[in-house]
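Student: my questions are about this predicted structure, shown below with the sequence.
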Amino acid sequence: MAEKISQSQREFVRIDDLLPLAWQSVEPEAYAKIAEYYENHRIFPPTQGGLNQSLKSLDIRDMLQDLQRTDPNLSHILGRLDQKLNLLLKLFHPQDNDLPMALTPVNLSGGGLAFWEQDPSLESGTIIQMRLALSEDALFVVECYARVIVVIPNDRDGMTRVAVKFDPVLPHDREQIIQHIFRRQNELLRTKKGRRS
């Protein structure tokens, strides 16, 4: 009988993917305030314009997770409706300064990711704010901070590889990333089995 995978092991499972991603550098002084706020409140500080913060305050993901145990179909339907409403709100509020996302090749884990980009002006130790959608339709977007671990120029097809460690990411968002990785691995296994048949 297979043993359950521990939480720390789950964070290291990786998958290559092509996902919408945006990032911007964060000044050390600003990051220190963000990190302190996160330590005290376990959420990120509100931002000017605040649509994202308003959406987070109305977040029903924990309730949907509880409902998943008793009525998985209803939970799935309500979850999709919640995602669509969030997307519509973001579309109709362009004054909020969301970073524009672009489809980007990534190697994703629960602890961080590597991405490839043309000449990013980053170096090891830099803190970046990230927006990562876990599907091309961008219905679920993870917003977090990450520390650049390594930058490798001309790593793949003239693109620079940037490896980052989430620092921090909300626990629910980390879990969504891990679940996305397992779903993608299952899809790849089914595709592989289908080719063999």
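Tutor: Everything's here; your move. Just so it is clear, the structure is predicted and the values come from calculations on it, not from any experiment.
Student: tell me which helix or strand of this structure sits lowest on mean pLDDT?
Tutor: Each helix and strand of the chain was given a mean pLDDT (mean pLDDT, DSSP states H and E); the minimum falls on helix 51-57 at a mean of 60.
Student: what's near enough to touch the residue lying closest to residue 157 once chain neighbours are set aside?
Tutor: Nearest non-adjacent residue to residue 157, counting by C-beta to C-beta, 6 or more residues apart in numbering: residue 116, 7.9 Å away. Quick note: C-beta positions are derived from backbone N, CA and C, even for glycine. By C-beta atoms under 8 Å, 6 or more residues apart in numbering, the contact set of residue 116 is 104-106, 155-157, 159-162.
Student: report the central residue of the chain.
Tutor: A centroid search over the chain (C-alpha atoms, centre = their mean) returns residue 142, at 3.5 Å, as the residue closest to the centre.
Student: report the buried residues of the helix or strand harbouring that residue.
Tutor: If you go by DSSP states H and E, residue 142 is part of strand 141-156. For strand 141-156, the neighbour count (16 or more other C-beta atoms under 10 Å) marks 141-148, 151 as buried.
Student: bridging across strands, which residues link to the residue nearest to the centre of the chain?
Tutor: Residues in a beta bridge with residue 142, per DSSP bridges, are residue 132.
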